[in-house]
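Peer 1: sharing a model that was predicted from the sequence below.
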Amino acid sequence: MNTTTALNTVWVILAGALVLFMEGGFSLLEAGLVRTKNAVNVTMKIFVDLTFGVIVFYLIGVHLLFGRDVLHLIGFWHVVSPSQVAPSAFTLFQIGFAIATASIVSGAVAERMKFSAYIVIVIVTCGLIYPISGHWIWGPGGWLGKGLGMEDFAGSAAIHTLGGFMALALAYVVGPRKNRFNSDGSANVFAPSNIPLASAGAFILWFGWFGFNAGSTLSATDAGLSSIALNTLLAAAAGGGSAILFSMYRYKVADPSMTINGSLAGLVAITAGCAYVAPAAAIIIGLVSGVLVILATGWVDRIMIDDPVGAVAVHGVNGVFGTLAVGLFDVHQGLFTTGNVHLLLVQALGVLVVVAWGLSTAFGLGVLLKKTMGIRVTSRSEEEGLDIVAHGIPAYNELERFSDPPGFSMTQFTAGNTEPKEV
Amino acid sequence: MNTTTALNTVWVILAGALVLFMEGGFSLLEAGLVRTKNAVNVTMKIFVDLTFGVIVFYLIGVHLLFGRDVLHLIGFWHVVSPSQVAPSAFTLFQIGFAIATASIVSGAVAERMKFSAYIVIVIVTCGLIYPISGHWIWGPGGWLGKGLGMEDFAGSAAIHTLGGFMALALAYVVGPRKNRFNSDGSANVFAPSNIPLASAGAFILWFGWFGFNAGSTLSATDAGLSSIALNTLLAAAAGGGSAILFSMYRYKVADPSMTINGSLAGLVAITAGCAYVAPAAAIIIGLVSGVLVILATGWVDRIMIDDPVGAVAVHGVNGVFGTLAVGLFDVHQGLFTTGNVHLLLVQALGVLVVVAWGLSTAFGLGVLLKKTMGIRVTSRSEEEGLDIVAHGIPAYNELERFSDPPGFSMTQFTAGNTEPKEV
Amino acid sequence: MNTTTALNTVWVILAGALVLFMEGGFSLLEAGLVRTKNAVNVTMKIFVDLTFGVIVFYLIGVHLLFGRDVLHLIGFWHVVSPSQVAPSAFTLFQIGFAIATASIVSGAVAERMKFSAYIVIVIVTCGLIYPISGHWIWGPGGWLGKGLGMEDFAGSAAIHTLGGFMALALAYVVGPRKNRFNSDGSANVFAPSNIPLASAGAFILWFGWFGFNAGSTLSATDAGLSSIALNTLLAAAAGGGSAILFSMYRYKVADPSMTINGSLAGLVAITAGCAYVAPAAAIIIGLVSGVLVILATGWVDRIMIDDPVGAVAVHGVNGVFGTLAVGLFDVHQGLFTTGNVHLLLVQALGVLVVVAWGLSTAFGLGVLLKKTMGIRVTSRSEEEGLDIVAHGIPAYNELERFSDPPGFSMTQFTAGNTEPKEV
Amino acid sequence: MKRIDAIIRPEKLQHVMRSLRQVGVSGLTVIPVQGRGQQKDTTGVYRGHAYDINLHPKLKLEIVVSDDFVHRSVQAIIDAAQTGETGDGKIFVYNILEAYNIRTGEVDETIDELNR
Amino acid sequence: MKRIDAIIRPEKLQHVMRSLRQVGVSGLTVIPVQGRGQQKDTTGVYRGHAYDINLHPKLKLEIVVSDDFVHRSVQAIIDAAQTGETGDGKIFVYNILEAYNIRTGEVDETIDELNR
Amino acid sequence: MKRIDAIIRPEKLQHVMRSLRQVGVSGLTVIPVQGRGQQKDTTGVYRGHAYDINLHPKLKLEIVVSDDFVHRSVQAIIDAAQTGETGDGKIFVYNILEAYNIRTGEVDETIDELNR
Ligand SMILES: Nc1ncnc2c1ncn2[C@@H]1O[C@H](COP(=O)(O)OP(=O)(O)O)[C@@H](O)[C@H]1O
Ligand SMILES: Nc1ncnc2c1ncn2[C@@H]1O[C@H](COP(=O)(O)OP(=O)(O)O)[C@@H](O)[C@H]1O
Ligand SMILES: Nc1ncnc2c1ncn2[C@@H]1O[C@H](COP(=O)(O)OP(=O)(O)O)[C@@H](O)[C@H]1O
């Protein structure tokens, strides 16, 4: 293998490993933001992404997304991978992207969705929903990207808008957590179980995002690689910074969950444009996204959709904003930079399509699940917490309450001798 | 330095850093799975690996493993490092491997081994036991690898089987935790203290494993590098996935500790073959390992060996399976792929040798320690927990119970004025 | 872009990402070592580094540090970046260094500094204090580095000594935590809230340090790159190891906080010399630093300066030691290696200058803040904990005590309807 | 003056507090506990072993009230905490000999006086 | 009806529960506590300072029983929790004035009736 | 024999323990609790919502003493725990019917005998 291809391959493998490591970030973020009794469950859902999601996307999804183009609508079989990098490196990197989409959904439906229903959602998301709209934007011959010239470098639309609006639809179908909203429409505070864990998750996500954005070059010799990374950092910093200031202005305290989400919002918003905008624009995009995520969190509450981790505000709203921002700040064709409105319109169309696709497929899937296997745990299980109900063990066990003495109550399982559980 | 060598060196350094970061994964995994009162102790044992282990392997072990071959049995002095990479990068990478072997052992003997005995075990493991059998497999002129053609790409046998069976022997010698087994042979549940931490550890291990396996190319221009990484991902995903399904079938819940261990089992099992098998084979190997780890956990319990984190099932059993699997699935010489049985027999011999070496050396060392300095803390210390006894501080301190007011009871230590402690 | 430049750029971006990830390590380390009621606050301060710090250094600091030299004292505007690497990669990498300096300070003033005062400190540190002394050592034409030949490869002096002594001055100005010292000068133990988190932070810092030191080559083709990484590992291992042994000798237990800080001390101490000393010297430097950090922690206590995480002992004292150690062990001009005392004197002068600069600027800034906006929270707020006071939420919420039922007490904020808070 | 101990489901805390406030009782102390009574054990699973979860998370409320507040307080708790399923909890009433307010250092006969 | 408070070693919980069940007592409430009594302080070390660990982790069991169950319950606890070393704990018995079952809303004189 | 329940500010624990020791009382049990009394609610903020922090972290001390130690113990607690601001806490005194030492299995009338 020649040195340049080797370098590209090593770069994409390392970037892919970083993207996959983001799953650890999602897990910690969600485990920290939900209530204690569901901390194991959200972690286990990330494992579903990393297991079922990986296999399904490898077997099916990647072909639909990057296979030979059929009618500009879908890929078929043979994966067309960029020539400068080893095909398996390309595949590995793309797997990370696919399961990130699923992980976005996982947070929004936390604390009340059936574990088995979530498995189905991951399979359908990684196997169908994401690859199809992904093909439109990134596939060889896709109608939005190759056709109309939509710009979505690392996936503000293809990943984050899609995931965010799927999250919205599914959070709507599954319904809010018990007692989350009052009859008068006001929302109650469900305190997050572990903020240091949540912020550790945010740091891991931030770290992984360098792979997410800069790795999307799929080539180490891409001259833009380092400015992509710098834009990513600046937007995240600006997003977190403006969220700190705006929450201090609005709430008189620097709200940690908003700070975390502000940084992530900056990252989401710069994802589409990181390769197309100037550093100053990256800072502006970040500053806006930090405020936007706070406002959007309020909007989601006001329409009484319960999103425990803020996935809709972070990924959905800022995915849309980030995609549109390319139309404003692209150095070659942006409205603000060149006065040209064309790209902005294309981006707007692209965003509309992705939002509609995400909402409709997820809504349809959710309703189908509700009517068939059921999508929500029982009220009793919700109160008890999914950790015990679906996984048999609480997240934190200080008390040695399970160490039964000789002959007390312990029975080794053998298949079949137990009651069916609601999982 | 020419670009290719530089690229190889950068690759190996980054991969080595990833492997060393796995120690953080071991620490979190073990701290999450043991009981609260021993969470500091397991973390400190990982620090022993990263300190004593590193120094000893650097000073002694690496020479025995990679030094000039003596009688196909052992290396002597001058380290023979591959020409395409800087020697110090090679050394750094190998250090990570050596201490991983020790870390495997640490989990199995958690919650009752004396801290000082563990230090000795790490020194002997990194300085002697691992380097010697490692030389047989990987050393220049080693009788198993160079001699018989045993294939163990990144160490299913050399690292994981060895570590897993050393763990078995030492867990046996040190004996089970108090009350872990009842007189009738049944086992009690000791609830894990912190599952979100344990899964964070698993994500870090998974992340680091890309360095572990793909880094074992020791060359960035190796054409197999990216498919090694992809195989690693697929096997881990399949292992975790089959563990989820099998635990849902068997226990009616998706058991988080089994899911974590299933993913790790997939990683262990693919470690030998990641460079030699096709992606489809990687998935199959993963699927099997996820079931195997659940069955093996039961076997270990049934022979009344107490392994708090499942190291024997994950590393021992799946290390053996993974090494044998190369004999089945190797694209050039596997039984299933070519009908040729030769490689399988070599692999089986290699595994036998490593199991015997690991069991016997660890058993001998354990018995020696027991007879001399003692290997196990007192029953009273075990009840109190090793955190207080060996490290002077509990893992979690919510209550401000130590902030003594003026003149109350605080004394600054000066060397010598304290009672000897059992450490 | 040619392959070599591409390789350098990828290397520096990855190393920069590792350095930025160290912020996650600082966050976990500090959250684990402070008391529960301030765990959110220390995390939020790291976010201040990653937001305000990043933006300010990008807009101002980097120009002062690496801009065209003015009188050997300060940089002006146009950033002079090394030719072999993309300028934005260089900038990204340097940002990580700047905010690390701020993060060192954050730990020492934990649990009692006003959040708003900390924001100002970060802005001034990243915008002025660090860039100016940084220019002297690393800037094009700086009087210490380019002028006198001071050697500080990755910043034992420029980053760690500066941060450590700024921490000392600010911890002095802000004063000790309530009840930390008794009237007779003895110190009380404030138990760390979460040791497994703290050690997770240490592992992340260790991991990131490979980027910190080896990345400082700013070139992948630098022949020293891999031995820098190896020296880094050996010094950290030796530092942690000697801390374990010394604490076992002195306190009869292996003290986890000292072990963590011993490893970090080894890393700090090797940072200046990693490119200039032999591996054996790296081990010796590490061994000394592990003892030094334990002694220094006692000294800091004895002068009644309250440093909750040991930042002064780790970064300040070992930064000084590490810088001096180059003068002793440099393979070409060290006192011990060549008998030549010149370099040692230069290093001593450099250290003196940095210590004086750090102490005086931080002291001045601290006093200014104290006289204007105030630097310390009220005694009542300190008792309640900064998490509630400055961020509105405790770190850990087990009890569902905030889930108010319909119409109970929940009010959505609108800007202005709340009492001003002390932030 | 009497002390009421009420062991309730954790999720009922705020309802009970509100209900108590409506009958004029606002002082109370809350303790997270693990309890066992009529409520059926659930079965947990860990690493291939079933185990009885024979202790369930509950909250214990300790409420000190003047004698003539006892019955309305008990009623208020029952009203707010009852679901009708096993596991709802128990209420116990104890006698108090003396009571002091640390802030004022005073001893008093009714909790209302105490709260001055 | 009486309430028994038993402060025991954490590791004895399941033994005590089993022992109590054998004398017919199954309802109880468990609270993790930190206690100090005859048990010798241990010395901890943190960052170069020794400190007294003058509070030891214990569990407090609160068990409400009918009057004629008191002594056999106390005996059952002692049998199961005793090791003979300092730190074994204490048992205190209190009087209960009234008891209610939240689920049924009933007041009753014996805990057995209460548990219907 | 009497039991004293003292609800205090968490940061006063060691002061109270020392103060008690000075009057000859060293056995006690500490429980972390959340309480509500005269102390003003603080307002927290989470994700754009204000919420009342209507429970404040406190420590509850349970101290069993012989009858003639009650008043000096109460006084010792008040002396050490008082700040004069709301939230200082309350002290309640209860009667104990019987007391046992698990280690010795003995029943006794004074806590001093109990501590033998
Ligand atoms: N005899 C008892 N002594 C002490 N606490 C008890 C007793 N019985 C019940 N409890 C407490 O009350 C809680 C609820 O009791 P349970 O019997 O489950 O409720 P219900 O009577 O509604 O079925 C238990 O978890 C336990 O904490
Ligand atoms: N006077 C007391 N008041 C309240 N609790 C006490 C008292 N004495 C002991 N205890 C509780 O009992 C526990 C065990 O007491 P200890 O004296 O150590 O046991 P033993 O009597 O077996 O030596 C203590 O940790 C504390 O929680
Ligand atoms: N009526 C009560 N019943 C039970 N506990 C109470 C009662 N009143 C107060 N407390 C406890 O005492 C603590 C302090 O009470 P508070 O009224 O705030 O103190 P102060 O009287 O000094 O203002 C409360 O947090 C609560 O735990």
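Peer 2: Received the coordinates, thanks. Ligands and ions are numbered 1, 2, ... in the order given.
Peer 1: for the chain, give me the ranges with low pLDDT.
Peer 2: This is for chain A. Confidence mapping of chain A against pLDDT under 70 gives the ranges A:399-423.
Peer 1: actually chain D
Peer 2: In chain D (pLDDT under 70), the answer is D:108-116.
Peer 1: which residue is most remote from the mean position of it?
Peer 2: No residue in chain D sits farther from the centre than D:Gly48, which is 36.7 Å out by CA atoms, centre = their mean.
Peer 1: distance of the residue of chain D found nearest chain A relative to A:Ala390?
Peer 2: Chain A sits closest to D:Val45 of chain D, with a gap of 3.4 Å, by CB to the nearest CB. In this view, the C-beta of every residue, glycine as well, is placed from N, C-alpha and C. To A:Ala390, D:Val45 is 10 Å away according to CB to CB, to the nearest Å.
Peer 1: intersection of neighbour lists for those two?
Peer 2: With contacts taken as CB atoms under 8 Å, 6 or more residues apart in numbering or on different chains, D:Val45 and A:Ala390 have B:Val253 as neighbours in common.
Peer 1: residue 90: neighbouring residues, count only.
Peer 2: Here I'm looking at chain A. By other CB atoms under 10 Å in any protein chain shown, 24 other residues sit near A:Phe90.
Peer 1: my question was about chain D
Peer 2: For D:Lys90, the count of nearby residues is 24 (other CB under 10 Å).
Peer 1: cool, and A:Lys178?
Peer 2: The local packing of A:Lys178 (other CB under 10 Å) involves 15 other residues.
Peer 1: so what's it closest to, chain neighbours aside?
Peer 2: Nearest non-adjacent residue to A:Lys178, counting by CB to CB, 6 or more residues apart in numbering or on different chains: A:Glu382, 5.6 Å away.
Peer 1: for the residue of the stretch 251-400 of chain A found nearest chain F, which non-adjacent residue is closest in space?
Peer 2: For the stretch 251-400 of chain A, the nearest residue to chain F under the criterion CB to the nearest CB is A:Tyr251, separated by 4.4 Å. Spatially, and ignoring its direct neighbours in sequence, A:Tyr251 is nearest to F:Val45 (4.4 Å; CB to CB, 6+ apart).
Peer 1: swap in A:His315?
Peer 2: Closest residue to A:His315 apart from its sequence neighbours, by CB to CB, 6+ apart: A:Gly164 at 3.5 Å.
Peer 1: separation between the residue of the stretch 251-400 of chain A closest to chain F and C:Ile393?
Peer 2: From A:Tyr251 across to C:Ile393, the span is 11 Å (CB to CB).
Peer 1: which neighbours do these two share?
Peer 2: What both A:Tyr251 and C:Ile393 touch, as defined by CB under 8 Å, 6+ apart, is the set F:Val45.
Peer 1: for the residue nearest to A:His315, what are its contacts?
Peer 2: For A:Gly164, the contact set (CB under 8 Å, 6+ apart) comprises A:Ile104, A:Ala311, A:Val312, A:Val314, A:His315, A:Gly316, A:Val317, A:Asn318, A:Gly319, A:Gly358.
Peer 1: from those, which single one is nearest ligand 2?
Peer 2: Nearest to ligand 2 among the contacts of A:Gly164: A:Ala311, at 45.9 Å, using CB to the nearest ligand atom.
Peer 1: residue contacts, A:Leu18?
Peer 2: A:Leu18 makes contact with A:Phe207, A:Gly208, A:Phe210, A:Gly211, A:Phe212, A:Gly215, C:Ala17, according to CB under 8 Å, 6+ apart.
Peer 1: next one: phi and psi at it?
Peer 2: Torsion angles at A:Leu18 (phi, psi; degrees, to the nearest 10) stand at phi -60, psi -40.
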